[in-house]
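1. This is a predicted model, with the sequence first.
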Amino acid sequence: GENVEQHPSTLSVQEGDSAVIKCTYSDSASNYFPWYKQELGKGPQLIIDIRSNVGEKKDQRIAVTLNKTAKHFSLHITETQPEDSAVYFCAARALDLLINTGTASKLTFGTGTRLQVTL
Amino acid sequence: EPEVTQTPSHQVTQMGQEVILRCVPISNHLYFYWYRQILGQKVEFLVSFYNNEISEKSEIFDDQFSVERPDGSNFTLKIRSTKLEDSAMYFCASKRTQASEQYFGPGTRLTVT
């Protein structure tokens, strides 16, 4: 099955600096890669996702890149703010769009990165 | 904005007891999931549910676990005889179509003593 590795486990940056979190996946059939932000005591919240037909996607201060050949994808947060402090999880999913079933649509999560943005 | 809701937020139970965790997915969603997160660890898939049946389950989801969609709005996870190692956060998630993103609820913290 799919295995997702995530680095680093903790990351501390100063406000205004950029933060980069990297993930690798093992299953070449994976074609959907979401990123979730989890604040203390809350469930994971989707912040951005990318599908395998594109190499990069950007949404304001957040961007995600995907290298299918190397099987890795990264989250980039620019101009970090204290409210960006949270645990970030990457995930991967293989999706067969030709078959409308619930199979093969589970998310496999990485181990998480605790991001701390300091003043 | 519609959201997934879960009750209770925290459940404490004794080992061997049955617990039912409840979820109300987003109303027009068709795919439902349960995940768990042991403290400090990653989120792990338990089970997916579509068209009133389980479509996939992990090795964690053994005979002690069951899921049900008893009516048009609720989606429940039952643990028949809880063990200490079942202590975790349990997250419900739902999505509208096969290709759409999953939305997670706030979780239920289960503590087994």
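-> Arrived safely.

2. Quick check: pLDDT value at the most centrally placed residue in chain B.
-> For chain B, the residue nearest the mean C-alpha position is B:Trp34 (3.3 Å; Cα atoms, centre = their mean). pLDDT for B:Trp34: 97.

3. In the sheet, which residues pair with residue 19? Tell me.
-> You didn't say which chain, so I picked chain A. Per DSSP bridges, the residues bridged to A:Ala19 are A:Ile77.

4. could you do chain B instead?
-> Under the criterion used (DSSP bridges), B:Val19 bridges to B:Ile79.

5. Can you give me the neighbour number for it?
-> B:Val19: 19 surrounding residues under other Cβ atoms under 10 Å in any protein chain shown. Any C-beta I mention is one placed from the backbone N, CA and C, and that applies to glycine too.

6. my guess is it meets B:Leu110, correct?
-> Yes: at 6.5 Å, B:Val19 counts as touching B:Leu110 under the criterion of Cβ atoms under 8 Å.

7. Which residues are in contact with each of those two?
-> Taking Cβ atoms under 8 Å, 6 or more residues apart in numbering or on different chains as the criterion, B:Val19 and B:Leu110 both touch B:Gln11, B:Thr13, B:Ile79, B:Thr82.

8. ok, the residue nearest to the centre of chain B - contacts?
-> So B:Trp34 contacts B:Leu21, B:Cys23, B:Leu46, B:Val47, B:Val67, B:Leu77, B:Tyr90, B:Phe91, B:Cys92, B:Ala93 (Cβ under 8 Å, 6+ apart).

9. cool, and B:Pro70?
-> By Cβ under 8 Å, 6+ apart, B:Pro70 lies in contact with B:Thr76.
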